[in-house]
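Trainee: how does the following fold in three dimensions:
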Amino acid sequence: MLTTTARALPDALRDPAAYPHLPEHVEVRETHISLVFLAGDKAYKVKKPVKFPFLDYSSLARRRELCHAEVELGRRFAPSVYRGVVAISPRPGGGLTIAPEYDPQAIDYAVLMRRYDDADTLASQLRQRAASEVLVTTVGAAVAAFHEEAPVVEAADPDALSAVVEETLTSLADAGAPGPRLASLARFCRAGLRAFAPLLAERAAAGRVRDGHGDLRAEHILLGLRVEAVDGVEFDAALRVADVGYDFAFLVMDVAGIDDDLARKLIRGYHGGHGDSGPPDLLAFFCVVRALVRAKVDFLRAAQLDGNAAQERGARALERLALAERFAWRVRLPRLVCVTGLAASGKSTVAEALGVATGRTVLSSDRIRKLRAGIDPYEHAAPSAYGDAESRAVYDELARRAATAVRREGGAIVDATFRRAADADAFAAGAPAPPEWIVCEAPPAVLIQRAAARAARGSISDAGPAVVAGELAVFRGPFQAPGPELARLETTQPVPRLLEQLAETLDARLGARR
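Mentor: Numbers count the residues shown, from 1 in each chain. Okay, the predicted model is just below:
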């Protein structure tokens, strides 16, 4: 009997003669756990004989069993795609052939699928910038329907998500993920698990834990007369039995990595289809975990590649870590954050850094003041632009714009001094939520030095050394925010260190929340 090693199998199945319908040619697609042979109008998915902490395809019997599990699961989400299980057997004269599953000479097995065009996936539409708001809203509603039909799991393991997090963090560390970034994300994830545990228990009791898909990525969403989803997680039910918000979060994370606005429309479609993904901060937490899982897969795949392909996949893994960090900041921060302090205290620098970290809109009182005055942001405004009435109008405009940003994006960051009580009152009157405050501070000499330096080079702020000196004369002692403080930051430190200090503070607060 001919024996064929796992290494030789891919080459043998590239031969069109291996297939009963004799396609003109065969294309091969590879992931870290499978090989897919595209032969005419059919596709054959072969599981690699690999074993990872989260997956075991190492034995022939196990691969056959999981081929059947994939077909059963696939027919729930994509009934037009999954056809059955076939054998891979020796071919007389050499090579391999596709045979009926019960061929006694079978050396491996494959899932038989209808071949679909990659152009018909949501991922393709996103890459081509062709995905409309209507399309992603429709996809969101379809996923909600998937979850509504998925079986409720009443005896789910309450520690399953924690186990996924810990395994993922361990695998990322083993794969060489950057240590400081991974440590920060690990601290956040563990704090989030503690914070959301009561809510997750409530949702489980309400039937929100379902036997879902497990891998709802954009490349697995097929578009056509009906939306279908392929490549569910068949190898471990624990990875797909989860809160529906966690299942949905994989797709939200994937879309957000390309277009935040479309991700918000996707969520709107899901809710419009009566899907319940939980409150925004819970969904964002789920997105962090999903981004880390995806980064893990990219690191593992990079280790199987060489040269430029390995570098590209490694870069993609780092992008996923950055996406996880962005969602983590959205969980940490309240919907409305005001960054305040005396002129030249570094508040604008901190606010802009938070805007980059979160992807949220940053609203600056200096910019709005210049806009209202009808002048270039770097042009010096007349004294009348700083009168009491005009300042109240500026802060009223800040509140209106913050309300719009919170409604559209889920949050906003405001950069302003709030020096006068009337300014804070004007803002509070129109604010969309009670703001929380980050106070920036630095020694007086540093404030004067900064003001002089930015006056020399040009700045949006009109607060030169004389203005700063005047503020220091009025505000003796620490600057006090108009409301509850999230943190006080001493801004003589580098910005990355300031953000990490803030993250540590907010993670401790998150972990203590119940």
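
Trainee: who are the neighbours in contact with the residue most central in space within the chain?
Mentor: Geometric centre of the chain, nearest residue: Met253, 3.4 Å, by Cα atoms, centre = their mean. Contact partners of Met253, counting by Cβ atoms under 8 Å, 6 or more residues apart in numbering, are Cys287, Arg290, Ala291, Arg294, Leu323, Phe327. Just so you know, the C-beta spots here come from the backbone N, C-alpha and C atoms, and that holds for glycine as well.

Trainee: what about it, distance to Arg332?
Mentor: The gap separating Met253 from Arg332 is 17 Å, by Cβ to Cβ, to the nearest Å.

Trainee: and what of Ala156?
Mentor: If you go by Cβ to Cβ, the gap between Ala156 and Arg332 works out to 27 Å.

Trainee: which one's more surrounded, those two?
Mentor: Shown here are Ala156 and Arg332; by other Cβ atoms under 10 Å, Arg332 has more neighbours (23 against 18).

Trainee: contacts only, for the more buried one.
Mentor: Residues in contact with Arg332 (Cβ under 8 Å, 6+ apart) are Phe188, Ala503, Leu506, Asp507, Leu510.

Trainee: phi and psi next, for the second one.
Mentor: Just to be clear, that refers to Ala503. Main-chain dihedrals, Ala503, degrees, to the nearest 10: phi -60, psi -40.

Trainee: swap in the third one?
Mentor: The main-chain torsion angles of Leu506 are listed as degrees, to the nearest 10 and equal phi -70, psi -30.

Trainee: next one: the closest residue to it other than its chain neighbours from Gly341, what distance?
Mentor: In space, and not counting its chain neighbours, Leu506 is closest to Arg332: 4.0 Å by Cβ to Cβ, 6 or more residues apart in numbering. Distance of Arg332 to Gly341, given as Cβ to Cβ: 20 Å.

Trainee: same check on Ala295?
Mentor: According to Cβ to Cβ, Ala295 and Gly341 sit 35 Å apart.

Trainee: please say which of the two ends up with more neighbours.
Mentor: In this view Ala295 and Gly341 are compared by other Cβ under 10 Å, and Gly341 has more residues nearby, 29 against 26.

Trainee: quick one: low-confidence ranges for the stretch 351-500 of the chain?
Mentor: Applying pLDDT under 70 to the stretch 351-500 of the chain flags no residue at all.

Trainee: quick one: the strands in it?
Mentor: 361-364, 412-415, 436-441, 485-490 (DSSP state E, counting those that start in this stretch).

Trainee: what pLDDT does the residue nearest to Ala229 when sequence neighbours are not counted get?
Mentor: Distances taken as Cβ to Cβ, 6+ apart put Phe77 closest to Ala229, at 4.2 Å, once the chain neighbours are dropped. We have a pLDDT of 95 for Phe77.

Trainee: domains of the chain?
Mentor: The chain breaks down by automatic domain parsing into domains covering 9-115, 122-332, 336-496.

Trainee: which of those domains has the highest mean neighbour count?
Mentor: For these, the largest average neighbour count (mean count of other Cβ atoms under 10 Å) is found in domain 122-332, namely a mean of 19.

Trainee: gap between the two ends of that domain?
Mentor: End-to-end span of domain 122-332 (Cα to Cα, to the nearest Å): 30 Å.

Trainee: please compute how far it lies from its chain's middle.
Mentor: On the basis of Cα atoms, centre = their mean, to the nearest Å, domain 122-332 sits 7 Å off its chain's mean C-alpha point.

Trainee: what does stretch 64-80 give?
Mentor: On the basis of Cα atoms, centre = their mean, stretch 64-80 sits 27 Å off its chain's mean C-alpha point.

Trainee: just stretch 445-458 next, same as before
Mentor: Worked out by Cα atoms, centre = their mean, stretch 445-458 lies 38 Å from the chain centre.

Trainee: equivalent analysis for stretch 492-504, please.
Mentor: 22 Å.

Trainee: what residues does it touch?
Mentor: Against stretch 492-504 from outside (Cβ under 8 Å, 6+ apart): 184, 187-188, 328-329, 332, 349-350, 353-354, 357, 438, 442-443, 446, 486-487, 489, 491.

Trainee: and the contacts of Met253 as CSV, adding secondary structure?
Mentor: Formatted as CSV, the contacts of Met253 follow (DSSP: H, G, I helix; E, B strand; the rest coil):
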residue, secondary structure
Cys287, helix
Arg290, helix
Ala291, helix
Arg294, helix
Leu323, helix
Phe327, helix
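
Trainee: show me which of these is closest to Pro104.
Mentor: Closest approach to Pro104 among the contacts of Met253 (Cβ to Cβ): Arg294, at 40.1 Å.

Trainee: okay, and the residue nearest to the closest one when sequence neighbours are not counted sits in which element?
Mentor: Closest residue in space to Arg294, ignoring its immediate chain neighbours: Arg320 at 4.7 Å, by Cβ to Cβ, 6+ apart. In the assignment (DSSP states H and E), Arg320 maps to helix 307-332.
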